[in-house]
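Novice: Turn this into a structure:
(chains A and B)
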Amino acid sequence: QQQVKQSPQSLIVQKGGISIINCAYENTAFDYFPWYQQFPGKGPALLIAIRPDVSEKKEGRFTISFNKSAKQFSLHIMDSQPGDSATYFCAASLMNTGFQKLVFGTGTRLLVSP
Amino acid sequence: DTGVSQNPRHKITKRGQNVTFRCDPISEHNRLYWYRQTLGQGPEFLTYFQNEAQLEKSRLLSDRFSAERPKGSFSTLEIQRTEQGDSAMYLCASSSTDGTQYFGPGTRLLVL
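Specialist: Numbers count the residues shown, from 1 in each chain, chains lettered A, B, ... in the order given. Now for the predicted structure:
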């Protein structure tokens, strides 16, 4: 019940295209859903996050869509650029508890071709 | 740089040796987390500190692992009698009370 399932495992998108990464969770108590971007040899960097009281959040070219009833959320990267090539992780946690352990998906390796 | 820092960035050790990693969180953050990431996987939670108190430990944290945060600032993670299966990236993250976690660059451990 603590798992977060992420797909696809890898993704190739042409420059200017839309990259879409999907995640599904089981624990309905999760109340915080961040996305992290990780470059090789670096730590994960927070990209964007959403709470379940909204269905969509947009920051620049990055959008999270959230479907509470389906227990799914997704990351959309508009106008994808070669610099976006990285591994993306979705995660979930219980923000309203005393501590917020992040449960991560298995990651999506994105390659944006020039 | 006011982000989370970790030292060393890389560590190569022989099986059976002890290793210690250090994490310096963002200065105003009272919460500190350790995660482990193996190749091709997402980070997995190891342990959590609020100030100097260690409040949660994963079952992944065997008896050979110990973490401390003595003054509620920096933290250390020690692995005793290292095994080849301990080879991984060890990540530290910190947060304020809002819970948003910011990660350091990690320490990559290779056990030969």
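
Novice: from here on, contacts and neighbour counts on C-alpha atoms
Specialist: Fine.

Novice: Got phi/psi on A:Pro82?
Specialist: Torsion angles at A:Pro82 (phi, psi; degrees, to the nearest 10) stand at phi -50, psi -30.

Novice: er, A:Asp84 I mean
Specialist: phi -80, psi -10.

Novice: swap in B:Gln84?
Specialist: In terms of degrees, to the nearest 10, the main-chain angles of B:Gln84 are phi -60, psi -30.

Novice: Skipping adjacent residues, who's closest to it in space?
Specialist: B:Val111 (5.0 Å; CA to CA, 6 or more residues apart in numbering or on different chains).

Novice: try A:Ala29
Specialist: Excluding its sequence neighbours, the residue lying closest to A:Ala29 (CA to CA, 6+ apart) is A:Leu94, at 6.7 Å.

Novice: still on that earlier bit, what are the bridge partners for the residue nearest to B:Gln84, then?
Specialist: Assessed by DSSP bridges, B:Val111 has beta-bridge partners B:Thr13.

Novice: What mean pLDDT does the helix or strand B:Ser94 falls within get?
Specialist: Here B:Ser94, judged by DSSP states H and E, is contained in strand B:88-95. Mean pLDDT, strand B:88-95: 96.

Novice: Sheet partners, orientation included, of that strand?
Specialist: The strands beside strand B:88-95 in its sheet (DSSP bridges) come out as strand B:31-37 (antiparallel), strand B:102-103 (antiparallel), strand B:107-111 (antiparallel).

Novice: So which bits of it are buried?
Specialist: Using 16 or more other CA atoms under 10 Å in any protein chain shown as the test for burial, strand B:88-95 gives B:Ala88, B:Met89, B:Tyr90, B:Leu91, B:Cys92, B:Ala93, B:Ser94, B:Ser95.

Novice: Pretty sure B:Arg81 sits against B:Lys14.
Specialist: No. Counting by CA atoms under 8 Å, B:Arg81 does not reach B:Lys14; the two are 9.3 Å apart.

Novice: quick revisit: in this model B:Gln80 seems to touch the residue nearest to B:Gln84, though I could be wrong.
Specialist: No. Applying CA under 8 Å, one finds B:Val111 not in contact with B:Gln80, separated by 11.9 Å.

Novice: B:Asp86 - how many residues pack around it?
Specialist: The tally of other residues near B:Asp86 (other CA atoms under 10 Å in any protein chain shown) stands at 16.

Novice: Look up phi and psi at it.
Specialist: phi -80, psi -10.

Novice: Now it: closest residue in space, sequence neighbours ignored.
Specialist: Nearest non-adjacent residue to B:Asp86, counting by CA to CA, 6+ apart: B:Val111, 6.9 Å away.

Novice: is the residue most central in space within chain B in a bridge, and if so with what?
Specialist: Among the residues of chain B, the one closest to the centroid is B:Trp34, at 3.7 Å (CA atoms, centre = their mean). Following DSSP bridges, B:Trp34 is listed with bridge partners B:Thr47, B:Cys92.

Novice: quick one, what contacts it?
Specialist: The neighbourhood of B:Trp34, defined by CA atoms under 8 Å, 6 or more residues apart in numbering or on different chains, consists of B:Phe45, B:Leu46, B:Thr47, B:Tyr48, B:Tyr90, B:Leu91, B:Cys92, B:Ala93.
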